[in-house]
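Undergrad: Predicted coordinates and the sequence they were generated for:
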Amino acid sequence: MKRRHTESWPEHFWNRSPDGLEFYNYPSPLAEKYWHYVLCLGRARLAAGYRNHPKSRGGFLLHYIRRGEMWYQVRGRRHIVPTSAICLMDMGEEIEFGVDDSKPVQNWWILFNGRDLPHMFTELRADRDPVFDSVDSARLEALFRELLKLTCSRPVACEAKSSAVLGGILAELFASLANREHLVALTGRKTVLSESVRKGIDYMIRFHCDSTLGLKQICAAAGLSLYHFVRLFHREVGITPIQYLNRYRIEKARSWLKESDKTMEQIARLVGASNQNYFSYLFRKETGATPREYRARS
């Protein structure tokens, strides 16, 4: 960011580091009582090998990956967050994140809080899956820039306006969640799913990148015995849970093949295939083409 953009910003509201800029906010008692409010936000450029293990504190941390890819360790699970995706974390928990890839990462982030945010965090299912990968990036970036401007310029009714913008950002996360749930209809069926089947699908979507994910774990998440769950799932969805999981993995692989330059080995790992050969076998079985042929056509 060029210096001329920061000339009017009070020095005690912002900090420059080797990675980027950070802006602070000190909410009033009124904001803490009624609204969503910013604690700090910023934009950073992170090099390969970057790693952060922040101390537990109040608030919720939103990371928007504008360029590159980051990993996150949340509740003992590792998540890969690609370009144009978001990771939403509860800072009261132990978390860790960093960059593995050789390319630098552009990370835009907001640390914020609010009276009803713990409940909203649960409604977003971020306690189970912190990654939102179907966001409208243009809309989200416009909202971020507006929030940054409000935080720096602090106009009249700044806190109320900032709360409205934060509400808009959270609305984009809810929209992303709805878009992700459309993948439930991978079979083309239009049906109302039972709570147990939806729990099983949620679990598969959350942990599809784990190559050790098996039917027993999915059934446990759904709260049913293996026999009962498989029978119910097949009746409602039309295929078995493992067939659904593989189909979901291939849908994710299609996106990686079309929208990234990652190697076949990297994509296989990202979608939970045990190895590249097995990934190629599954992909060809589902699409009729090898991953390389599909990428060439796309």
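TA: Here it is on my side, so go on.
Undergrad: what's the one helix or strand Arg43 maps to packed up against?
TA: Using DSSP states H and E, Arg43 falls within strand 37-46. The contact analysis (3 or more CB pairs under 8 Å, 6 or more residues apart in numbering; DSSP states H and E) places strand 37-46 against strand 20-24, strand 105-113, helix 137-153, helix 158-181. (Each C-beta comes from the backbone N, C-alpha and C, glycine too.)
Undergrad: of all the ones you listed, which lies closest to Ile239?
TA: helix 158-181 (17.5 Å; CB to CB).
Undergrad: if we look at the helix or strand that comes right after the closest one, which residues are touching it?
TA: Heading C-terminal from helix 158-181, the first helix or strand you meet, by DSSP H and E, is helix 195-207. Here helix 195-207 makes contact (CB atoms under 8 Å, 6 or more residues apart in numbering) with 77, 125, 128-129, 180, 183-184, 193, 213, 217-219, 221-224, 229, 232-233, 236-237, 241, 244-245, 248, 272.
Undergrad: which residues are contacting the next helix or strand after helix 195-207?
TA: Later in the chain than helix 195-207, the nearest helix or strand by DSSP H and E is helix 215-222. Residues outside helix 215-222 that contact it (CB under 8 Å, 6+ apart): 196-197, 199-200, 202-204, 207, 225-226, 229-230, 241-242, 245.
Undergrad: on that earlier part again, show me which of the contacts of helix 195-207 are buried.
TA: Among those, those buried by neighbour count (16 or more other CB atoms under 10 Å) are 125, 128-129, 180, 184, 193, 213, 218-219, 221-222, 224, 229, 232-233, 236-237, 241, 244-245, 248, 272.
Undergrad: so what pLDDT did the nearest residue to Asp136 once chain neighbours are set aside get?
TA: Spatial nearest neighbour of Asp136, chain neighbours left out: Glu172 (6.0 Å); criterion: CB to CB, 6 or more residues apart in numbering. With respect to pLDDT, Glu172 has a value of 93.
Undergrad: Same check on Thr263?
TA: Reading off the model, Thr263 has pLDDT 89.
Undergrad: re the thing from before, where does confidence bottom out across the contacts of helix 215-222?
TA: Within those, pLDDT is lowest for Asp202, at 82.
Undergrad: What distance do you get for that residue to Arg231?
TA: 19 Å (CB to CB, to the nearest Å).
Undergrad: Of the two, which one has the most company?
TA: Asp202 (19 against 13; other CB atoms under 10 Å).
Undergrad: circling back: how about CSV for the helices and strands packed on strand 37-46, with distance to Thr83 added?
TA: Output for these, formatted as CSV (distance: least, CB to CB, whole Å):
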stretch, distance to Thr83
strand 20-24, 17
strand 105-113, 9
helix 137-153, 9
helix 158-181, 14
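Undergrad: buried residues in stretch 98-117?
TA: Buried residues in stretch 98-117 (16+ other CB under 10 Å): 98-99, 104-105, 107-114, 117.
Undergrad: One more: stretch 204-215?
TA: For stretch 204-215, using 16+ other CB under 10 Å, the buried residues are Met204, Ile205, Arg206, Phe207, His208, Cys209, Leu213.
Undergrad: And that stretch, end to end?
TA: In stretch 204-215, first residue to last residue: 10 Å (CA to CA, to the nearest Å).
Undergrad: Repeat that for stretch 77-94.
TA: 11 Å.
Undergrad: ok, now which ones touch the spatially most central residue of the chain?
TA: The centre of the chain sits closest to Val131, judged by CA atoms, centre = their mean, with a distance of 2.0 Å. Counting by CB under 8 Å, 6+ apart, Val131 touches Tyr72, His79, Val81, Ala85, Ile86, Cys87.
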